[in-house]
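**Q** sharing a model that was predicted from the sequence below.
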Amino acid sequence: MKVFAETERLILRELLPQDAAGMFEMDGDPEVHLFLGNKPVQSIEQSKADIEFIRNQYIENGIGRWAVMEKSTGNFMGWAGLKLIKEPINNHYNYYDLGYRFSKRFWGKGYATEAAIAARDYGFNELKLDEIIGIADTNNLGSIHVLEKVGLKRISIFNYGGIKHYWMKIEKSV
């Protein structure tokens, strides 16, 4: 099992098949999917398939979202990290997207910001990226706040799946 980053409260490691129950708790919650198309997963098999899909991204792209584990308990909290986006979104492709998703019981405690900072730093320090992108539904004030706290700036608004989203970016400081 590869650990990509550690923070004061979190361990960010590769997603593993045994994370399926935690993924199902998170992705089966309609509130978690409020700004994600309102399509919560319906079965643990779907969560297992999602983990396998992400594990394949590690092989194909050298990066994918990571499991976020609470250091003090070992609990699966959600996922965070970078993802290589190959298909065109907002007329861009082959860029690294910063994302995070947590089970509702971990909301409002600063975990998303802590994980996003670790992922941003990994992108710039380990992957040597020049920029990192973030995308957020314009109504998802919590996610926008996290992206701004870690340094991303709102660049534009674009239509993504019929919904207005912010295109946000941070560039590596020189």
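**A** It's in.
**Q** pretty sure residue 35 sits in a helix.
**A** No: if the criterion is DSSP: H, G, I helix; E, B strand; the rest coil, then residue 35 is coil and not within a helix.
**Q** what is the burial count for it?
**A** Neighbour count of residue 35, defined by other CB atoms under 10 Å: 17. Every C-beta, even on glycine, is put in place using the N, C-alpha and C of the backbone.
**Q** which phi and psi values does it adopt?
**A** phi -110, psi 20 (degrees, to the nearest 10).
**Q** tell me the buried residues in whichever strand or helix holds residue 50?
**A** Here residue 50, judged by DSSP states H and E, is contained in helix 44-61. Buried positions in helix 44-61, judged by neighbour count with 16 or more other CB atoms under 10 Å: 46-48, 50-51, 54.
**Q** want to throw those residues into JSON lines with pLDDT and distance to residue 152?
**A** Formatted as JSON lines, the buried residues of helix 44-61 follow (pLDDT from 0 to 100; distance: CB to CB, whole Å):
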{"residue": "46", "pLDDT": "95", "distance to residue 152": "30"}
{"residue": "47", "pLDDT": "96", "distance to residue 152": "28"}
{"residue": "48", "pLDDT": "97", "distance to residue 152": "32"}
{"residue": "50", "pLDDT": "96", "distance to residue 152": "25"}
{"residue": "51", "pLDDT": "97", "distance to residue 152": "27"}
{"residue": "54", "pLDDT": "97", "distance to residue 152": "22"}
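**Q** closest to residue 104 among these?
**A** Lowest distance from residue 104 to the buried residues of helix 44-61 (CB to CB) belongs to residue 47, with 15.8 Å.
**Q** and the closest one, how far is that from residue 114?
**A** Between residue 47 and residue 114 the computed distance is 24 Å (CB to CB, to the nearest Å).
**Q** how close does residue 103 get to residue 18?
**A** Distance, residue 103 to residue 18, using CB to CB: 16 Å.
**Q** okay, the two: which has more neighbours?
**A** It is residue 103, of residue 103 and residue 18, that has more neighbours when counted by other CB under 10 Å, with 20 against 11.
**Q** number of residues surrounding the nearest residue to residue 81 once chain neighbours are set aside?
**A** What sits nearest to residue 81 in space, not counting adjacent residues and going by CB to CB, 6 or more residues apart in numbering, is residue 66, at 4.1 Å. Using other CB under 10 Å, residue 66 is surrounded by 28 other residues.
**Q** no further questions, thank you.
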